[in-house]
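Undergrad: I'll drop the sequence and a predicted model, then ask my questions.
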Amino acid sequence: MSAIHQILSTSISSSASAFIGGHTNFKSATKSSNFAVAGKISGVVKCVASAAEKTAYTTKVSRNENMAKLQAGYLFPEIARRRAAHVLKYPDAKVISLGIGDTTEPIPDVITSAMSKRSFALSTFDGYSGYGAEQGEKQLRAAIASTYYADLGIQEDDIFVSDGAKSDISRLQVLFGSNVTMAVQDPSYPAYVDSSVILGQTGQFQKDVEKFENIEYMRCTPENGFFPDLSTVRRTDVIFFCSPNNPTGYSASREQLTKLVQFAKENGSIIVYDSAYAMYVSDDSPKSIFEIPGAKEVALEVSSFSKYAGFTGVRLGWTAIPKELLYSDGFPVAKDFNRIVCTCFNGASNVAQAGGLACVSAEGIKAMHEVVGFYKENTSIIVDTFNSLGFKVYGGKNAPYVWVHFPGQSSWEVFGEILEKTHVVTTPGSGFGPAGEGFIRVSAFGHRENVLEACRRFKQLYK
């Protein structure tokens, strides 16, 4: 098999979908970034649960039937696979990725300096540390509670530090088990649905409606202001809700979240609230579900430093579980999650936690706001571009994502056309759920020169 054929027949890591091209220094950075170079693709990995090739010997272990329910590959590795094939087809093209939501700007020095100091300390007798607390270092837990939940009743011991929100989503699914029912926004981050399928919470995939059985898809579209009509939503045990939302970029209002909390109380449900983009909120939309009265009795919150400090590779996040959140038998949810964490996880990297502590320092908060501000400027450029071309554009105000409508067209076809004619990678909306059909998500994570060039190409294509 030729090298080209081998690459074409596999998926590449989603991290390989970072921008190709020059680097624009971020004003707070002093270090350069590394990029992938066209034609030099490495880190080949496949995230598709496909049947194994026929071999001479098989074990007597049956395959997990839930894995067979999953549709094709996870969204972002599939996009990376198509991007890799495009690079091979057009080896001289400068491919720009506005697809996967991977940060591109350097981590601020105040944060990397703290990680460097902690790293070097590990080579000394006084500074070395091995296993830490599975729940996270005490000082960091306290700092997260006081920084993000001041006056909201969330305490240090309610915080569980982790290696990122995505990992915690799967740990929470293990916590809830296979006998719960769940609801998701439609469209929404694919990890909610895929982890539910893997845990055995769903039935089969229904191709005619592009949905899994036993999942309640809460339709969020321009017609309902990207907030579900809760009067039409059936009762489920768990409700996944992300605000600001990925992919639509929409941030729920205080009134809407009050309705969601009341809905959960009336139904005895637990809300898993994903606030990974809260620092992008620039209006009076709540940044935490715990700003809503009564939320501590029905909700927990997952969050992350990934999109604030550029920690997509460093990996550091947290989950906040109030003591007031109880199961139907009165047992605290946090105690069971603590057991899950202690069983499945040895704690976040001590070096990453040093960086996290620097993030929530006064200087670190200021630096993260500068990073977020840079991406929000990118977002404005993208929004203005598509508005000037006559498209209906949503999101982009409180999130680094722009949700663009292509009525009557297939999301994957639009994705393919844009990639083929402009060499720009976007994300097809249908990959986030059936309500995303006819939309594409454009990410604002990118170097400024690449965002400007991509927008120039969009104008050439759609003028």
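TA: Sure, I can see it.

Undergrad: which stretches of this structure aren't confidently modelled?
TA: 1-54, 72-73 (pLDDT under 70).

Undergrad: Name the SS class of the residue located most distally from the centre of it, please.
TA: For the chain, the residue at maximal distance from the C-alpha centroid (CA atoms, centre = their mean) is A56, at 40.5 Å. Secondary structure state of A56, per DSSP: H, G, I helix; E, B strand; the rest coil, is coil.

Undergrad: how near is it to T112?
TA: Separation of A56 from T112 (CB to CB, to the nearest Å) stands at 51 Å. In this view, the C-beta of every residue, glycine as well, is placed from N, C-alpha and C.

Undergrad: now swap in K323 and tell me
TA: Applying CB to CB to K323 and T112 gives a distance of 35 Å.

Undergrad: And for Q185?
TA: 35 Å.

Undergrad: before we move on, what about I79?
TA: From I79 to T112 the distance is 29 Å (CB to CB).

Undergrad: okay, these two: which has more neighbours?
TA: Between I79 and T112, I79 has the larger neighbour count (other CB atoms under 10 Å), namely 24 against 20.

Undergrad: May I ask which helix or strand encompasses that one?
TA: Element membership for I79 (DSSP states H and E) is helix 75-89.

Undergrad: Quick check: next helix or strand after that helix?
TA: strand 96-97.

Undergrad: Report how many residues lie close to W412.
TA: For W412, using other CB under 10 Å, the count is 16.

Undergrad: surely it meets T426?
TA: No - at 10.7 Å, W412 does not count as touching T426 under the criterion of CB atoms under 8 Å.

Undergrad: what's the neighbour count on E223?
TA: E223: 9 neighbours (other CB under 10 Å).

Undergrad: so where do the strands sit in the stretch 51-200 of the chain?
TA: 96-97, 159-162, 182-186 (DSSP state E, counting those that start in this stretch).

Undergrad: so which of those gets nearest G436?
TA: strand 182-186 (7.6 Å; CB to CB).

Undergrad: What helices and strands are in contact with that closest one?
TA: Packing partners of strand 182-186 (3 or more CB pairs under 8 Å, 6 or more residues apart in numbering; DSSP states H and E): helix 190-198, strand 215-219, strand 238-242.

Undergrad: deepest of the ones you listed, which one?
TA: Per-stretch averages of neighbours, counted by mean count of other CB atoms under 10 Å, single out strand 238-242 among the helices and strands packed on strand 182-186, with a mean of 25.

Undergrad: got a list of contacts for it?
TA: Defining contact as CB atoms under 8 Å, 6 or more residues apart in numbering, one finds that strand 238-242 is touched by 176, 180-185, 188-189, 192, 218, 252, 260, 264, 269-277, 289.

Undergrad: ok, A435 - contacts?
TA: D186, P187, Y217, R219, C220, T221.

Undergrad: quick one, what contacts the fifth one?
TA: With CB under 8 Å, 6+ apart as the criterion, the residues that contact C220 are Q185, D186, P187, F226, F227, P228, N245, T248, Y250, A435.

Undergrad: will you turn those residues into a markdown table that also has distance to P91?
TA: Below are the contacts of C220 laid out as a markdown table (distance: CB to CB, whole Å):
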| residue | distance to P91 |
| --- | --- |
| Q185 | 39 |
| D186 | 38 |
| P187 | 34 |
| F226 | 40 |
| F227 | 45 |
| P228 | 45 |
| N245 | 37 |
| T248 | 35 |
| Y250 | 39 |
| A435 | 37 |
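
Undergrad: which ones are touching S170?
TA: Counting by CB under 8 Å, 6+ apart, S170 has contacts A191, S195.

Undergrad: Apply 6 Å and report the result again.
TA: S195 (CB atoms under 6 Å, 6 or more residues apart in numbering).

Undergrad: how close does it sit to L199?
TA: Distance from S170 to L199, by CB to CB: 8 Å.

Undergrad: circling back: among the contacts of C220, which are in helices?
TA: Among the contacts of C220, no member is found in helices (DSSP state H).
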